[in-house]
Each structure stands twice: as structure tokens, then as C-alpha cells.
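**Q** Fold the following, please.
(chains A, B, C, D, E and F)
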4 protein chains.
Amino acid sequence: MAGKIESNKKQKKDALLNSAFEIFTNEGFSKSSISDIVKLAGVAKGTFYLYFTDKYDIRNKLVARKAGIVFKRALEAYESAPFTGGLADAIIFIVDNILDQFNENKALLNFISKNLSWGIFKGAITGANADSEVDFDEFFEYLQKITCIERKQLEIILFLVVEFVSSTCYSSILYSEPVPIEELKPYIFSTIKFIVENNTSESTELIGS
Amino acid sequence: MAGKIESNKKQKKDALLNSAFEIFTNEGFSKSSISDIVKLAGVAKGTFYLYFTDKYDIRNKLVARKAGIVFKRALEAYESAPFTGGLADAIIFIVDNILDQFNENKALLNFISKNLSWGIFKGAITGANADSEVDFDEFFEYLQKITCIERKQLEIILFLVVEFVSSTCYSSILYSEPVPIEELKPYIFSTIKFIVENNTSESTELIGS
Amino acid sequence: MAGKIESNKKQKKDALLNSAFEIFTNEGFSKSSISDIVKLAGVAKGTFYLYFTDKYDIRNKLVARKAGIVFKRALEAYESAPFTGGLADAIIFIVDNILDQFNENKALLNFISKNLSWGIFKGAITGANADSEVDFDEFFEYLQKITCIERKQLEIILFLVVEFVSSTCYSSILYSEPVPIEELKPYIFSTIKFIVENNTSESTELIGS
Amino acid sequence: MAGKIESNKKQKKDALLNSAFEIFTNEGFSKSSISDIVKLAGVAKGTFYLYFTDKYDIRNKLVARKAGIVFKRALEAYESAPFTGGLADAIIFIVDNILDQFNENKALLNFISKNLSWGIFKGAITGANADSEVDFDEFFEYLQKITCIERKQLEIILFLVVEFVSSTCYSSILYSEPVPIEELKPYIFSTIKFIVENNTSESTELIGS
DNA sequence: TATGAATGAGATTTCATTCAT
DNA sequence: AATGAATGAAATCTCATTCAT
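**A** Okay, here's the model as predicted:
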């Protein structure tokens, strides 16, 4: 019984999140209204305020959730691939997978890249956010363990990579500007390789890979 | 005196642009209203609509104008400096100057980086936009001439650099995340150097420098 | 009590309709504002938009409703009168009653005749409009049954009468132009008599009257 | 020289009248603005106020002018036709011609019938209005002379005919409701014949026709 | 929990009119 | 006579938020 109520609650919340994503990507955030979202979700206006404090709240939870899903998929692909190579190659593998996902789902790219900042990314990392699909903290510790790179250095590297990739892929995938993504990939990958290898000791290797 | 009317018009338009910048940076774009802007500018509400179609219009014109000013200053500093070095060093010089400007004026950074995309950047390049302070087209041709790099290649390089710098400096300067800008600069500069040199023939040098 | 909410809604809508009529007839349609209407109705501005899409919407609903009331009253008078005579006399009786109503309430005449067209009249006939006080469809079928005139013929006759009466009574009642209504009535009635009798078989009589 | 200035003035005024007609018929009176009119006319806003006091003023002058043109044409056709018959037939001839003109130019019908009232019609009759193309006064005296009907009687007859025709032809020509104009004409004409003949002595004939 | 009618501040936008040139 | 930039009151319409049910 309680479970049914629980799942019913989850259902409404999910309906709101899905509707919000639909509206945000179609109309743009500033032109989206809570009225639109609840109408599409098929719930009453008041219900919105039971789960979210305002438009910004639902957006942030949505970004973390969507980014998490993308990231989780890429990680799963990486883990199930017969993989050998250093940290740089591992990151490139993951980035490549993410770029492909975005290429398939441009609305998603548009939404995430317009709203994902390093701040939200780090916020998601804390693991406090229940809406995120991944525990970034775990992933971080995992990376530290297998690369033997100190936390701060690792954070800088990831920061540079994340910012570089997200900002360049945006206009390339969505508008083929200045060139289509397939043409841009070599530049992106070689730069990632440089960023990673130039900032880690030469001997760094993925332990256990 | 037809000139008097013209100068009066320019004055009104400038007052609106300046006020809009003030309001946008203090209140944030979505919380800024046209009412606020005209009040601060000291003009009537209807006057706003003589010069701009809506809030988005004035924002875009403002971004191009402000970005142009920053860029122009950096270029002037570069040109008046006793400079020797390759293209990479030239770009690094300019980027360094821009980062310093942003560090001094964080509101400006916040405003520009939230709204400047490669699209707007390229839009500004066409020179069609009368609100821009620089003719990027000229600059582009100038670069081509002195570097002997073909247009497309040059565009990709600039794209990578612009996106990389603008996305990384944002959280570093404004929030010191993941590290303060001075600590991040070495990473940024080495990456720029890599991007430029890895994508140009080794012999590329700034002619006449 | 769901009924309480329903009756509350009806109350608000009625308040808006009544206020709109008041404002429209006093100020004229184009000088009436939604602000004025809601102020008089004692509801919030937003409430207006819960029930009507704009000024035109409330006007059309108002015309149908008011015209329906006038018509209904005339019909009731006709039905409760000890009446003998043909179709022409029946219509004249009804028209006479309507003219008297308008003569008593010139604001109503002004409002209706400026906005009532055969289109709206026919629209009201469909019965789709819930704001109309009469089911014109029923009335139409009723007329057909008792007069044995085919639908199309009946429609033309009514059209001619309605247009003739509404257009002539307007300036006569409101401005006594070219002559006061009492002086004009003989002309109107004899013309109605001609229109009806000239376009129906001589034997047409109201069955059951 | 003075003539040139005079004609220049007339040119501007005409441009304004023509543009106003264009805008009124396309956008509807209430949605037409003086801005739109002057833009289409290619004159400055201030110029409008040199010739007209406001939107209503230009509309009324326009109605009188347009109605006058239509009427004048019908009269000319009547005068140049080899005509025999009574007053009723003469009026029917003129009405028929007007209906044909309206059928050819529905925007004109829409504009005139929405704005022509007996008041404006009579106002036009005074001949004071320089924008009217006809001197209705003359026409009226002419009619009196040849029909020997007293002024008041004549006015009532014309009033009934004008209102009857204008209100019925509107929805018939524009919307074919309740039937197309060609199908409605017999009803209109027979009613006109009735109105005229029933209200004049039997011997009334057009003298000199 | 869930609803959705009601709110009303406030945002955007229009436009007749003026007046210095 | 002609212009058109400027005005600013006033209109329309939106929408986050509340609260009685």
C-alpha cells in the first residue's frame, strides 16, 4: 500500500520532470512557464510546488539527472569494452561516446550545455543530489585510485577537458560551425590527449586496465 | 542642423545601451525589465522601441559591442608592445590581456561569457553589426596575411581557442573554481600553444614581427 | 461541495458579463478597457482571462446572451397572449414587442444592433453557444411545423425581416430619424406583412392558433 | 505656382485617404493606427494632423466619399439608360447597379456597410461635405420635383429602402448567407417595389422619364 | 496529497499627439 | 507646409504563487 503511494508520488514527479524537459527544450527556459509544464504533465498547478520550489529548481535537478544519464551510459560502454590504454585514451573513449550520444539527441545537448556549468557539475559530484543517476564521488575516488594522480591535479584536468569539450561540441554538433563534429573530433581528441599527458607524470597508467 | 538630431539620437541609444548593461549585470537578464532600463536611461518607454525590438535585441547588440571593446583593447596593447614570437605567443599575449580585463571587470565577464557564442562572434565578424567596435573581418584577413594559414584552418584554431578560454576562465575568475585564474593560466597557455602549433606548419611565424 | 465552486465560478463570469455590458454601453466598445470591466466586476484582472480570451470574445458572448433574452421575452409574451392570426401577424406581434423593449432600453438596442449580424444570429441558432438564453433551433423547428413552410424559404423570410427591422429601428428609436418609431411602425409592419405573405402560399396559417 | 502647391496638398491628402481605405479594409478600423496609415501614404505623422483631426474624422470623410462615388456611378448609369417606368423601377435600377458594384468590390461593401448609417447618409446629403462626390441635396430636390411626393414621405421611403438594401446585401454578398445575392435579388426588388408603391399615390410617375 | 480557481503585481507593447526643426 | 523623434499614459496580457476544498 505504502509502496503504491510511493510509486504514485514518483510518477507525478517524473511526469513533471519529463514535461519540463519537453517544454524547456522546445520553448527555451525563459519562455517556459509552470502552467505549461503542469498542463503537459497532467497534474494540478499546486502539485508542482509539492515537489519543486520553482522553475530554477526543476531545471537544476533536470540538468543533473540528464547529465548523469549520459555520463552513466558512457561509463558503462567504457567498462564493458575490452580496453587497454592510458588515462588519456580512456577519457577520449568516454568523450567520444558522449559526443555520439549528443549527436543523436541534439535537444539534449542544447539543454545540457546551456545549463551545465562546472558549478552544477561539482554540485552533482557531492552525491547529495538524489536526482543524479551517478555517484560522481565514487567515480572520482575510483579515478584517483587507478591513476595515482592527486585530487587537485585530477580536478583541474577534468575541468579543462569538460569545459573544452562541452563548449566546442555545442556549436559544432548543433550548427556545424565552424566545421561538423566528425571533422572537429581529431582536434578535440588531440587536445585532450595533450591536456592529460602534459599534466600527469609520464608513467601514469590506468592500473588494472 | 540635421546633425543635432542625429547626435541626439545617438545619445538616446547610448543611454539605453549603457543602462541596459548596468541593469543586466546587476539584476541578471531574466529579472531585468524594459521599465527598469528606460527609467535608468532617463527616456520614455516608447523610446526604447524606436531603437530596439525587445530585450533580446538590445542584449545581443550589447554583447557584440562589449566584446568588441575588450577585443579592441587587447589588440591595441598587442600592437603597441615590442613583440617578437610566433602566432601562438601572439594569441597568448592577447588572451592574457583579455583575461586581465575580465579579472578587473567581473560583471563584464559574467555578461559576455553567458551570452557570447561562436555564432554571435562570427556574426560580429561579418562587420554588419554597426554596434561592434571592431571590424573582425579586417583582423581575420590581417591574420591570414601574416600567418599564411588558410582561412578554414585559421577559423578552427580560433574557434578552439575562443571556446576553450571563454569556458574555462568563467568559473575560474568568478568563483576561483577549480583554482584561481593565476593558477590556471599556465594550463590555459600551454594548451593554447599546443592547439596553435599542433595545427600549423612548424615554420609558421608572424611575418613582420 | 463541488457545487459551491461551480456556483462561485458562475457568479464571477456573470459579474464580468454584467460589468462588460455596463461599460460597453456607457463608454462604447472601443473606449472600454478590460481594466475597467474587472474593476467594476470586483475581480482580479487575471480572472477575466480565465473566462474570456479578450474583449471581442466577451462582447460576442454578450450579444448572443442579450439578444436571446430579448427574443425569449417576446416569445413568452406571444405564447401567453390569446392569439389568432397568420404567420405575418405572429411575427408582427413579436417584432412589436421587441421594438417596445428596445424603446424602453435604448442602451440595449444600441449595443445589440451595432453588434448583431445575421452570422451571430445564426451562430446563436445552433444552440452551441451556452450563453444564449434561447434554443433558437427549437424555435425554428417549431415554426416549420406550424407553418408548413420549407426550411430555406423560412430562413430567407426571417432574414429579410430581421435585417429590415433591426436596421430601420436603430436610427428611428435612437435618433427619431427620419421619424419617431411610433410613426415608423405602420411602414415596418406593412412591409413585414408583405414580405411574409408574398413569399408563402396564401393558405399558410399558424396551425393550432 | 500656387496651383502646384495646391495640387501638392491635394496629393498628400489623397494619399492619406487612399492609404486609410487600404488599411481600414485590410485590418479593420479598430486595429488600424495612424502610424500604419502615414507609413503607407509615405508622409510624416505630423502631416496627418494637418488634414484630419483623428482616425474617426478620416473614416467619416472616407465613407462619404466612397459612398458618393458608388452612388454617382449608379446615377450616371441610370441617366444614360433609355429608361421608362415608375419611381419603383427607377430605384430598383439604381439599387441593382449598386449591388453589382458591391459584388465586384467586396472590400468596399464591407467598409461602407459597416460605417454607413442613415445619419452619415443624411450628413452627406447636406452637401456641406466637400469630400462627397455627389450633391445629394440636388438629387433630393430633383426626386421631389419629378415624383411630386412630399419631402417627408420621400425621405421615409428612401430611408426604408436604403436600410433594407444595405443590411440585407451585406451578408448575402459577403457570405452568401442565407442565400447568394442573385438568389436574394428577387426578394429585395419585390420588397422595394412594395415599399415604394404602397406609400405613394397610385398615379405617381416619374415626370419626364 | 492533490487540486485548480483566483489573485494582482508587473511585464510588454501600442499609439495618438506634440513640437522643435 | 512638412517632418519624425520623443513622449508617457494606458492598454493588454502573463504567471508564479496561494489557499480553500
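**Q** Up against DNA strand E, what does chain A have?
**A** A:5, A:8, A:9, A:12, A:43, A:44, A:45, A:46, A:47, A:50 (CB under 7 Å from any atom of the strand). Quick note: C-beta positions are derived from backbone N, CA and C, even for glycine.
**Q** and the residues you listed as JSON lines, adding secondary structure?
**A** Rendered in JSON lines, the data for the residues of chain A next to DNA strand E read as follows (DSSP: H, G, I helix; E, B strand; the rest coil):
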{"residue": "A:5", "secondary structure": "helix"}
{"residue": "A:8", "secondary structure": "helix"}
{"residue": "A:9", "secondary structure": "helix"}
{"residue": "A:12", "secondary structure": "helix"}
{"residue": "A:43", "secondary structure": "coil"}
{"residue": "A:44", "secondary structure": "coil"}
{"residue": "A:45", "secondary structure": "helix"}
{"residue": "A:46", "secondary structure": "helix"}
{"residue": "A:47", "secondary structure": "helix"}
{"residue": "A:50", "secondary structure": "helix"}
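**Q** How is chain A divided into domains?
**A** Using automatic domain parsing, the domains assigned to chain A come out as A:1-52, A:62-209.
**Q** Which of these has the lowest mean pLDDT?
**A** Looking at those, the lowest mean pLDDT belongs to domain A:62-209 (a mean of 83).
**Q** picking up where we left off before, minimum distance to DNA strand F: which of the domains of chain A has it?
**A** Of all these, it is domain A:1-52 that lies closest to DNA strand F, at 3.3 Å by CB to the nearest atom of the strand.
**Q** quick one: the closest one to chain centroid distance?
**A** Remark: domain A:1-52 is offset 21 Å from the chain centroid, using CA atoms, centre = their mean, to the nearest Å.
**Q** helix or strand for the residue nearest to the spatial centre of chain A, which one?
**A** Nearest to the mean C-alpha position of chain A, by CA atoms, centre = their mean, lies residue A:67 at 2.3 Å. Using DSSP states H and E, residue A:67 falls within helix A:55-80.
**Q** Any part of that helix near DNA strand F?
**A** Yes: judged by CB under 7 Å from any atom of the strand, helix A:55-80 and DNA strand F are in contact via residue A:55.
**Q** helices or strands up against that helix?
**A** helix A:2-27, helix A:87-104, helix A:106-115, helix A:118-125 (3 or more CB pairs under 8 Å, 6 or more residues apart in numbering or on different chains; DSSP states H and E).
**Q** what angle separates it from helix A:2-27?
**A** Angle, helix A:55-80 to helix A:2-27, by axes from the mean of the first three to the mean of the last three CA atoms, to 10 degrees: 100 degrees.
**Q** how many neighbours does the residue in chain A positioned nearest to chain C have?
**A** Nearest residue of chain A to chain C: residue A:35, at 11.5 Å (CB to the nearest CB). A count of nearby residues for residue A:35, using other CB atoms under 10 Å in any protein chain shown, gives 11.
**Q** Let me see the contact set for it.
**A** If you count contacts by CB atoms under 8 Å, 6 or more residues apart in numbering or on different chains, residue A:35 has them with residue A:45.
**Q** if I look at it, how far off is residue A:48?
**A** Between residue A:35 and residue A:48 the computed distance is 9 Å (CB to CB, to the nearest Å).
**Q** what does residue A:110 give?
**A** Applying CB to CB to residue A:110 and residue A:48 gives a distance of 23 Å.
**Q** of the two, who's got more company?
**A** When residue A:110 is set against residue A:48 and neighbours are counted by other CB under 10 Å, the residue ahead is residue A:48, at 24 against 17.
**Q** Correct me if wrong: the more buried one contacts residue A:38.
**A** Yes: assessed by CB atoms under 8 Å, residue A:48 is found in contact with residue A:38 at 5.3 Å.
**Q** Quick check: residues of chain A near chain B?
**A** A:30, A:117-119, A:122, A:152, A:155-156, A:159-160, A:163-164, A:166-168, A:170-171, A:175, A:177-179, A:184, A:187, A:190-191, A:194-195, A:198-199 (CB under 8 Å from any CB of the partner chain).
**Q** Apply the buried test to the residues you listed and list what passes.
**A** Among the residues of chain A next to chain B, those scoring as buried are A:117-118, A:122, A:155-156, A:159-160, A:163-164, A:166-168, A:170-171, A:177-178, A:184, A:187, A:191, A:194-195, A:199 (criterion: 16 or more other CB atoms under 10 Å in any protein chain shown).
**Q** In helices only, show me the residues you listed.
**A** Judged by DSSP state H, the subset of those located in helices is A:118, A:122, A:155-156, A:159-160, A:163-164, A:166-168, A:170-171, A:184, A:187, A:191, A:194-195.
**Q** out of those residues, who's near chain C?
**A** Within those, nothing lies near chain C by CB under 8 Å from any CB.
**Q** Identify the contacts common to residue A:48 and residue A:38.
**A** Going by CB under 8 Å, 6+ apart, residues that sit against residue A:48 and also against residue A:38 are residue A:16.
**Q** touching DNA strand F at all, the host helix or strand of residue A:48?
**A** Take DSSP H and E as the rule and residue A:48 turns out to sit in helix A:45-51. Yes: Helix A:45-51 is in contact with DNA strand F by CB under 7 Å from any atom of the strand, via A:45, A:46, A:48, A:49.
**Q** who's in contact with the third one?
**A** Listed by CB under 8 Å, 6+ apart, the contact partners of residue A:48 are A:16, A:34, A:37, A:38, A:58.
**Q** All good on my end, thank you.
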